[in-house]
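# take a look and give me a structure for this.
(one chain, ligands or ions: 1)
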Amino acid sequence: MRLVHTSEDRIYLYHLKNMLEAQDIQCVIKNERLSSIAGEIPIVNVWPELWVKDNLKEKWAKEIITEFEKSVVEGEMWTCENCGEEHGAQFKDCWNCQSIKAF
Ligand SMILES: [Zn+2]
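Numbering: from 1, shown residues only. All right, here's what the predicted structure looks like:
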């Protein structure tokens with residue numbers, strides 16, 4: 001297995017996992033339960049980790065993640081799923097109804 005990404009945002013990692021598995025890249029998330037090792041390791045070192053099961057797919061997985069993160073940064077307009085308001089990519093939630101942007 002290969003570590004391809006780590007983030008303090010578990011929801012975000014699950015999104016990446018779903019995205020990779022849609023491309024037939026099987027993944028697992030580790031360190032999801034911080035409490036099991038809390039006390040032994042400083043908390044910053046136990047962020048959830050996304051691992052790819054097949055070592056041969058590591059590079060491919062990283063490319064998908066890189067592309068995805070680039071698209072988030074460069075961004076396009078997005079439309080709030082709740083109220084239909086349009087926003088620039090830099091906004092993470094809807095100013096109109098406070099809904100969180102769906103990935
Ligand atoms: Zn909205």
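# in its sheet, what does the helix or strand of the chain with the lowest mean pLDDT sit against?
Lowest on mean pLDDT, DSSP states H and E among the helices and strands of the chain sits strand 86-87, with a mean of 82. Here strand 86-87 has these sheet partners by DSSP bridges: strand 78-79 (antiparallel).
# pairing partners for the nearest residue to residue 14 once chain neighbours are set aside in the sheet, please.
Using CB to CB, 6 or more residues apart in numbering and skipping residues adjacent in sequence, the residue nearest residue 14 is residue 29, 6.9 Å away. From N, CA and C alone the C-beta is placed, and that goes for glycine too. Residue 29 has the following beta-bridge partners by DSSP bridges: residue 50.
# thinking again about what came up before, distance from the least confident helix or strand of the chain to the middle of the chain?
22 Å (CA atoms, centre = their mean, to the nearest Å).
# and if you look at stretch 49-68?
The chain centre lies 12 Å from the centre of stretch 49-68; the measure is CA atoms, centre = their mean.
# what are the boundaries of the strands in this protein?
For the chain, the strands defined by DSSP state E occupy 2-6, 27-30, 49-52, 78-79, 86-87.
# list the buried residues in the longest one.
Taking 16 or more other CB atoms under 10 Å as the neighbour-count basis, strand 2-6 is seen to contain the buried residues 2, 4-5.
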